[in-house]
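Peer 1: Model the following, please.
(2 chains)
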Amino acid sequence: MGNPADILIIEDDKDIVDTMRIILESKAYQIRAAYNGKEGYAEIEEKIPDVIILDVMMSTDTEGFDLAYKLQRNPEYKKIPILMLTSFPQMMAEKGPEKFQHILGEDWPVTMFFEKPIDPEKLLSAIEEILMQKEDS
Amino acid sequence: MSEDLLYNEARAYPQGIEDQKRIIFRELRERTHWFIRLRWFVPPGIVVGAGVAVLLGFEKLPIGILFIMAASILAYNTLFYLVGRKQADKVIGQRDYVRNLTRWQFGLDYIAMFLLIHFTGGVTSPLIFFFIFHIIFSSILLPPRSSYGFASMVAAGMIGIALSEYLGWITPHPLIFGGKTVNLFELPVHMMAILGFFTASVYITAFSTSSIMSMVRKRISNLVELSEAVRRLNERLNALYVVTQAIGSVKKLDLVLNIVTSELCQVMGVLSISVKLLSEDGKFLHYVATEGIVADVFKSKVVEVAKSPLNRQVIEGKPFVTGQVTQKEMFQFGEDLAAANVQSVLFVPLTAEDKVIGILGAYCKYQERFTPEEVDFFRQAAGLVAVAIENAQSYEAIEKLIQERSWFMMRVAHNLRSPLAAVISILDVVRGGYQGKLNDAQNEYLRRADRRAHTMITMINELLSLAQHRDEKQLLESKPVDLEATAGRIQRTFQDKAQQKGLDFEMVVSEDLPQIQGDTAMIEQALENLVSNAIKYTPTGSVKVEFSKGPKKTVQIQISDTGIGISEDDKQHLFEEFFRAKNVRAADEEGTGLGLSIVKEVVDQHGGKIIVESEEGLGTLFVVHFPASKPVA
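Peer 2: As a prediction, this is how the structure comes out:
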């Protein structure tokens, strides 16, 4: 790959955005950040990123999932890999209330799903893996 | 009671009873065909009788005429037989056909009989007794007045023959035996006596057989009605049973009401059934379930109690009301009902804790249809419906509460974890040297801060998991658990950790494990907590997990270690929330004091048992028993 990969972080917690940015920039990735789903979508429309790192609960409880499904329905954007990060314990997201389960009952709209906090090495290797898969396909 | 009257009465009952009566009367009518079969014996009888008479010595018998008579009877009986066979399948409901066939038979029989009697001695003929059969059959097959009619015809016929012969209008054919003529004309008094007593006999026969038949018919009708009543009672009991079952097994209100209304609609034999619930302010009635054709009429309508006197009466405490749709002022949607062919309605209150919560309604296409028994039944049904509504509503309320609580807990978890996640991420960045190198002491303290933050996250998770499990007690998933797969996953999860600590880690799974039922994820979490503890609190030595067949149809899972052990005092508090043993705190390991509470919770929910054996400094043995699932019959 010639150019450094373009990663879009969509996350409402500035501390998380800042720390991820530091970690990812150390590997020379190009980072863009958006603080809610709407801004994130605008960023995607402007330029399709190589990877999206997406939070779940932002201004609404399921904003991350809503965006993920919106992207999946769009043929132009559906192939963008999404790494989803959430402070919901994963066990609860899977077994949790109907509101959540209803969403998760459909096709899983994301490439990877991690609980926060994710440690730096795990984050970097996840990004690497996603980019490699993308190159392969 | 005539058949006509029976049919009129039957019209007041549902279709079934009329059909049943018809079947019984049909059986009677089939005798008309039987009469045809009986007649086959008549022509040979005449031939044989004539032969015997000649042999006995009767003289000058008109054998030729008698044979012609026999041939005529054979001919018309053949005709009746062919007609009867062609019409056999039309017997049901074809009263006119049966009557005409019978009348024709009787008419022709009478002509034949009169001729035979005339040619075999008139009043002195022994054949006159055969008329009795006709009178009996006519009272069975035809209305009573016909049998009297036929009796009169017979009497008149006989008197006519006797008179005509006496007056010489027709030539008599007296019986001659040994040269002597039986001549009753010489004894007119005796002749009149015979005719008189004969006439009396036919009338008495007509009277007695038709009275007996009318009694029999009445009995048959009573029996049919009784069996119908029993059948309907049975149907109602069945309906109540179905409703009770639905209340017990179906949790969703709309489903329960669908079952209830369709069952009631069927068993009551009405056009429609509706369930209306009263609004909080008591001013409106909303249709929550409708079955039958009224369903479309009321789909989106709301009854204003003030505008519907019939509904208002029920709400104000009347035990039931019936109404005719013709009384338009009693209904808010009377015209819609009339358009849907509804003639009468029955409303009964749905009562919960002495308060009317709604109305159960039945809509019928007949006027004044609802009998006291039906009203009673409907009120019983309403009692059950009210229970169903209450049940379903409280279940729904609880479910909603659990749902809300669950969602609330999830948000709490999220919001508690979010700042911690940020703290840990920041610590990661600093400790990872992204912002410059740290000295050893700085590194060490930041490591401790990081560890404490992680402990807190684990604690939040476990606390929530505990809360979630308690909520889910009723909603627990119960499926066969693949224990071998579970053992495999546990081994893979902990192998490396044990190895890093230099511990021997052994997993033994015996082959004859009974099947257990339950929530695989929860059982796995419980076992993971136990194994994780064993490894955590064993500085040196070994950890062993063994799955085997336990006593009394259980699966036994033993988790043993050679670790620090648990003191006698601490053992008692082991499964309490937030409890941490003294030696565990001293060992300075992270821990939340929730792991074993979760284990206990899971084991309890699966009807299992957990036992702990331990000696401080030597090691600990946890034994978990899960009951084997009952074999499927």
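Peer 1: how near is the closest residue to chain A within the stretch 251-400 of chain B to residue B:405?
Peer 2: Relative to chain A, the nearest point of the stretch 251-400 of chain B is residue B:399 (9.8 Å; CB to the nearest CB). In short, each C-beta sits where N, CA and C put it, glycine included. Residue B:399 is 11 Å from residue B:405, where distance means CB to CB, to the nearest Å.
Peer 1: same thing with residue B:228?
Peer 2: 55 Å.
Peer 1: all helices for the stretch 151-300 of chain B, in order.
Peer 2: With helices called from DSSP state H, counting those that start in this stretch, the stretch 151-300 of chain B shows them at B:188-249, B:253-268, B:294-298.
Peer 1: Check for me that residue B:332 belongs to a helix.
Peer 2: No: using DSSP: H, G, I helix; E, B strand; the rest coil, the assignment for residue B:332 is coil, not a helix.
Peer 1: How many neighbouring residues does it have?
Peer 2: Residues lying near residue B:332 (other CB atoms under 10 Å in any protein chain shown) number 19.
Peer 1: Leaving out chain neighbours, which residue sits closest to it?
Peer 2: Distances taken as CB to CB, 6 or more residues apart in numbering or on different chains place residue B:308 nearest to residue B:332, at 4.2 Å, with adjacent residues excluded.
Peer 1: The one you found: neighbouring residues, count only.
Peer 2: With other CB under 10 Å as criterion, residue B:308 counts 21.
Peer 1: Quick check: it touching residue B:331?
Peer 2: Yes: the pair residue B:308 / residue B:331 is scored as a contact, 6.2 Å apart, by CB atoms under 8 Å.
Peer 1: Kindly provide the whole-number mean pLDDT of stretch B:429-442.
Peer 2: For stretch B:429-442, mean pLDDT is 91.
Peer 1: I'd like the distance between residue B:247 and residue B:239.
Peer 2: With CB to CB as the criterion, residue B:247 and residue B:239 are 13 Å apart.
Peer 1: is the helix or strand hosting residue A:129 anywhere near chain B?
Peer 2: In the assignment (DSSP states H and E), residue A:129 maps to helix A:120-136. Yes: counting by CB under 8 Å from any CB of the partner chain, chain B has neighbours in helix A:120-136: residue A:120.
Peer 1: And that helix, what does it pack against?
Peer 2: helix A:14-25, strand A:51-55, strand A:82-86, strand A:112-115 (3 or more CB pairs under 8 Å, 6 or more residues apart in numbering or on different chains; DSSP states H and E).
Peer 1: between the ones you listed, which gets nearest to residue B:559?
Peer 2: Nearest to residue B:559 among those is strand A:112-115 (26.5 Å), distances taken as CB to CB.
Peer 1: Residues in contact with that closest one: which ones?
Peer 2: If you take CB atoms under 8 Å, 6 or more residues apart in numbering or on different chains as the criterion, strand A:112-115 is touched by A:81-90, A:122, A:126, A:130.
Peer 1: domain assignment for chain B?
Peer 2: Following the assignment in automatic domain parsing, chain B carries domains at B:3-226, B:247-394, B:400-472, B:476-627.
Peer 1: looking at the ones you listed, which has the lowest confidence?
Peer 2: Comparing the domains of chain B by mean pLDDT, the weakest confidence falls on domain B:3-226, with a mean of 80.
Peer 1: Let's see the helix holding residue A:129 as CSV, backbone CA atoms only.
Peer 2: Coordinates of each C-alpha in helix A:120-136 appear next as CSV, following Å, rounded to 0.1, in the frame of the first residue of the first chain:
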residue,chain,number,x,y,z
PRO,A,120,-2.8,-0.5,22.4
GLU,A,121,-1.3,-3.7,21.1
LYS,A,122,-4.7,-5.3,20.6
LEU,A,123,-5.9,-2.2,18.8
LEU,A,124,-3.0,-2.1,16.5
SER,A,125,-3.1,-5.7,15.6
ALA,A,126,-6.8,-5.5,15.0
ILE,A,127,-6.3,-2.6,12.6
GLU,A,128,-3.5,-4.5,10.9
GLU,A,129,-5.6,-7.6,10.5
ILE,A,130,-8.5,-5.6,9.0
LEU,A,131,-6.3,-3.9,6.5
MET,A,132,-4.7,-7.1,5.5
GLN,A,133,-8.1,-8.7,4.9
LYS,A,134,-9.1,-5.7,2.9
GLU,A,135,-6.0,-6.0,0.7
ASP,A,136,-6.7,-9.7,0.2
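Peer 1: next one: phi and psi at whatever residue of the stretch 451-600 of chain B ends up closest to chain A?
Peer 2: As assessed by CB to the nearest CB, chain A sits closest to residue B:461 within the stretch 451-600 of chain B, at 4.9 Å. Backbone torsions for residue B:461, taken as degrees, to the nearest 10, come to phi -60, psi -50.
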